[in-house]
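give me the fold of what follows.
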Amino acid sequence: MAAVAFAQTLCHERSMQGSTTRAGGCFLTIFSLLGFLFGLSIRNPLKGVLIGLGIGSAFAIAVWLIDLKRRES
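Numbers count the residues shown, from 1 in each chain. As a prediction, this is how the structure comes out:
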């Protein structure tokens, strides 16, 4: 019984520190899907996905750079 009590204190002793970073991966997903839909409308889905990935990557990198600058100051 003492081993169970000891194991429970190990699990609940320290709490994890919360992450304060911003996530930009949602932009990749959203713009890829929107790009696919745009590509269907122009009858070239791959072109739309590539355009969406490019725009989503630009937004994700911008979020990453803004977050990096925020954490440094």
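
show me where this protein has its helices.
Taking DSSP state H as the test, the helices found in the chain are 2-12, 25-41, 45-72.

quick one, what contacts the residue sitting nearest the centre point of the chain?
In the chain, the centroid-proximal residue (C-alpha atoms, centre = their mean) is G25; its distance is 3.2 Å. Residues in contact with G25, defined by C-beta atoms under 8 Å, 6 or more residues apart in numbering, are A60. Where you see a C-beta, it was placed from the backbone N, CA and C, and this is true even at glycine.

please tell me the pLDDT value assigned to it.
At G25, the pLDDT value in this model is 89.

what residue ranges in this structure score low on pLDDT?
1-19 (pLDDT under 70).

picking that back up, ok, the residue nearest to the centre of the chain to R43 distance?
Note on G25: its distance to R43, by C-beta to C-beta, to the nearest Å, is 29 Å.

now swap in I61 and tell me
I61 is 30 Å from R43, where distance means C-beta to C-beta.

more neighbours, those two?
Using other C-beta atoms under 10 Å as the criterion, I61 and R43 rank with I61 on top: 12 against 8.

so who does that one touch?
I61 sits next to G24 when contact means C-beta under 8 Å, 6+ apart.

what about 6 Å?
Contact analysis of I61 by C-beta atoms under 6 Å, 6 or more residues apart in numbering lists nothing.

what do you get for V63?
Per C-beta under 6 Å, 6+ apart, neighbours of V63: 22, 24.

distance of it from I42?
28 Å.
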